[in-house]
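Undergrad: no FASTA, just this:
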């Protein structure tokens, strides 16, 4: 089936550092989304992207819909301890046109 | 504003027993979903429903049964639990139309099958 490859699997950074993570697909997607899961909770939508090349910000978070339509990127600037959690990409497209999730990036922030 | 609630929060059961996980949403969203979260696999779709009395299989439906007699409820039943079904289960809902990929998740049910 379709797969989303999300990297890195985990990141351990110092407070104040910038963070970058990405998600790639073997298929062309028409929608990319980024979710964050706090410990012990369900994922919460951060950013939704609908057009190739689209760049959207939500506070210190910026996400981009790759121009090939097969990838997406999430950047977090000036990380703070509450950024800790698992970040999931999700995309819709390909043969099934169903929403599928990446395997997640675990972010740990050292104060 | 209750949103979407799951119960129980934690459940321990034995192999072969039937278990039902409950999900209730107060937004009148058309779509509801059940996912399981496992290390190394992310979130995998078990079943989803586009409306009351309409359900469809997701990526990993085997061993699970769902029903949706009312728009607000979407219970997930494990008919005969197996150890491989030990996981964290998330229910989610979304509105119809262009925003239907914007999922709202519950807090999850952590299920252990011994």
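TA: Cool, the structure landed. Everything numeric in this text was worked out from a predicted model, so none of it was measured.

Undergrad: against residue B:92, how distant is the residue of chain B found nearest chain A?
TA: Proximity of chain B to chain A (C-beta to the nearest C-beta) peaks at residue B:105, 3.0 Å away. Heads up, the C-betas are built off the backbone N, CA and C, glycines and all. Using C-beta to C-beta, to the nearest Å, residue B:105 is found at 5 Å from residue B:92.

Undergrad: about what we covered before: so who does the residue of chain B closest to chain A touch?
TA: Applying C-beta atoms under 8 Å, 6 or more residues apart in numbering or on different chains, we find residue B:105 in contact with A:42, A:43, A:44, B:4, B:90, B:91, B:92.

Undergrad: which of those fall in strands?
TA: A:43, A:44, B:4, B:90, B:91, B:92 (DSSP state E).

Undergrad: closest to residue A:8 out of the residues you listed?
TA: Comparing the ones in strands among the contacts of residue B:105 against residue A:8 with C-beta to C-beta places residue A:43 closest, at 18.4 Å.

Undergrad: which stretches of the chain have low pLDDT?
TA: By default, I'm working from chain A. Regions of chain A meeting the criterion pLDDT under 70 cover residues A:1-2.

Undergrad: the chain in question should be chain B.
TA: In chain B, residues with pLDDT under 70: B:1-2, B:97-99.

Undergrad: what parts of chain B come near chain A?
TA: By the rule C-beta under 8 Å from any C-beta of the partner chain, the part of chain B lying against chain A is B:35, B:40-45, B:58-59, B:90, B:92, B:101-108.

Undergrad: rerun at 6 Å
TA: Taking C-beta under 6 Å from any C-beta of the partner chain as the contact definition, chain B meets chain A at B:42, B:43, B:90, B:101, B:102, B:105, B:106, B:107, B:108.

Undergrad: can you go through those residues and name the buried ones?
TA: B:42, B:43, B:90, B:101, B:105, B:106, B:107, B:108 (16 or more other C-beta atoms under 10 Å in any protein chain shown).

Undergrad: JSON lines for the residues you listed, including distance to residue A:109 and secondary structure?
TA: Below are these laid out as JSON lines (distance: C-beta to C-beta, whole Å; DSSP: H, G, I helix; E, B strand; the rest coil):
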{"residue": "B:42", "distance to residue A:109": "21", "secondary structure": "strand"}
{"residue": "B:43", "distance to residue A:109": "23", "secondary structure": "strand"}
{"residue": "B:90", "distance to residue A:109": "24", "secondary structure": "strand"}
{"residue": "B:101", "distance to residue A:109": "28", "secondary structure": "coil"}
{"residue": "B:105", "distance to residue A:109": "22", "secondary structure": "strand"}
{"residue": "B:106", "distance to residue A:109": "26", "secondary structure": "coil"}
{"residue": "B:107", "distance to residue A:109": "22", "secondary structure": "coil"}
{"residue": "B:108", "distance to residue A:109": "23", "secondary structure": "coil"}
